[in-house]
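Participant: dropping the sequence and predicted coords here.
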Amino acid sequence: MLWQPLFYNARVPKPDSTEFDTFMLNGLPEKHLRGQTISELLVKKEATGLGVAVERNQQVVKSAEHAKTLIEVGDKIEIVRLVGGG
């Protein structure tokens with residue numbers, strides 16, 4: 001089994017808005033609303049369900065913690081999905 005990074009064609013909020021912060025998502029800059037959680041990010045990116053793993057600043061975030069974990073300015077988030085194959 002392999003871990004495959006998830007990349008998205010998401011709408012990017014206006015960069016001049018003070019309600020948004022920037023973090024890195026799978027190596028690319030991403031804007032988000034202040035106070036957004038990992039769980040909300042996963043829903044926004046349609047990356048929910050079995051086989052999805054999240055790493056925040058090189059630490060795995062347990063799925064039970066997704067709803068409590070806030071994304072902060074400068075965070076480095078990696079979202080991957082387990083895929084089968086050989």
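Facilitator: In hand now; what should we look at?
Participant: tell me how far the strand or helix carrying S39 lies from the chain's centre.
Facilitator: When elements are assigned from DSSP states H and E, S39 belongs to helix 38-44. Between the centre of helix 38-44 and the centre of its chain there are 7 Å (CA atoms, centre = their mean, to the nearest Å).
Participant: please identify the buried residues of the helix or strand that it is followed by?
Facilitator: Sequence-wise, the next helix or strand downstream of helix 38-44 (DSSP H and E) is strand 52-56. For strand 52-56, the buried set under the neighbour-count rule, 16 or more other CB atoms under 10 Å, comprises 52, 54, 56. To be clear about C-beta, it is placed using only N, CA and C from the backbone, and glycine gets the same treatment.
Participant: show the contacting residues for the last one.
Facilitator: Taking CB atoms under 8 Å, 6 or more residues apart in numbering as the contact definition, R56 lies against 38, 69, 71, 75-77.
Participant: which of those sits closest to N26?
Facilitator: The closest of the contacts of R56 to N26 turns out to be I77 (CB to CB; 7.5 Å).
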